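Asks: generate coordinates for the sequence data below:
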Amino acid sequence: MRSIEESSCRDEKTRPMILLGGGQVLLVLAITYLSIFVAVFLAVHNAVTSNNIQIRTIHLNATGFHPSIVEALARRPIELRVSRDDSDACTSGIVIDEMGVRRGLLAGGVTTIILPPSAPGDYSSHCRMGRLTGNILVKE
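Replies: Residues are numbered from 1 along each chain as shown. Take a look at the predicted model:
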């Protein structure tokens with residue numbers, strides 16, 4: 001005859017089950033939700049539209065560009081969505097000299113910038129004052 005402890009650790013098919021404490025369950029759930037969030041975030045923020053426009057999203061705040069490096073494919077236009085949640089004067093604009101971009105950014109909103117198809121290369125971006133920097137890495 002099986003003991004109570006042994007039978008509570010097995011399901012109907014007699015496979016061992018793992019019993020977790022409350023803290024361990026929360027950790028497993030947190031890791032699962034984080035994995036799903038990252039997968040969805042990357043899928044949404046690195047999408048390609050039906051007309052071959054690459055969508056890339058960055059966030060600009062007083063600590064810098066997030067992510068600091070954005071990757072895209074060469075010879076395809078890029079729809080760059082720049083979000084900003086502060087009112088710092090430095091983050092009030094974005095400059096990408098090699099692409100001829102100098103745009104103001106909405107505080108607490110998202111500004112969409114269409115970047116032209118570009119040759120492979122590393123294109124520097126910076127805030128209006130040049131204090132915060134990022135890069136757009138265009139690959140073949």
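Asks: distance check, Lys139 against Thr91.
Replies: Distance check for Lys139 against Thr91: by C-beta to C-beta, to the nearest Å, it reads 27 Å. No exception for glycine: its C-beta is placed from N, CA and C like everyone else's.
Asks: so between these two, which is more surrounded?
Replies: Neighbour count, other C-beta atoms under 10 Å: between Lys139 and Thr91, Thr91 has more, with 25 against 10.
Asks: which ones are touching that one?
Replies: Counting by C-beta atoms under 8 Å, 6 or more residues apart in numbering, Thr91 touches Leu60, Asn61, Ala62, Arg84, Leu105, Cys127, Arg128, Leu132.
Asks: if we go to 7 Å?
Replies: Thr91 makes contacts with Leu60, Asn61, Ala62, Arg84, Leu105, Cys127, as judged by C-beta atoms under 7 Å, 6 or more residues apart in numbering.
Asks: I'd like the distance between it and Arg128.
Replies: In terms of C-beta to C-beta, Thr91 sits 8 Å off from Arg128.
Asks: do the same with Asn51
Replies: 31 Å.
Asks: neighbour count winner among those two?
Replies: The neighbour comparison of Asn51 against Arg128 (other C-beta under 10 Å) goes to Arg128, with 18 against 7.
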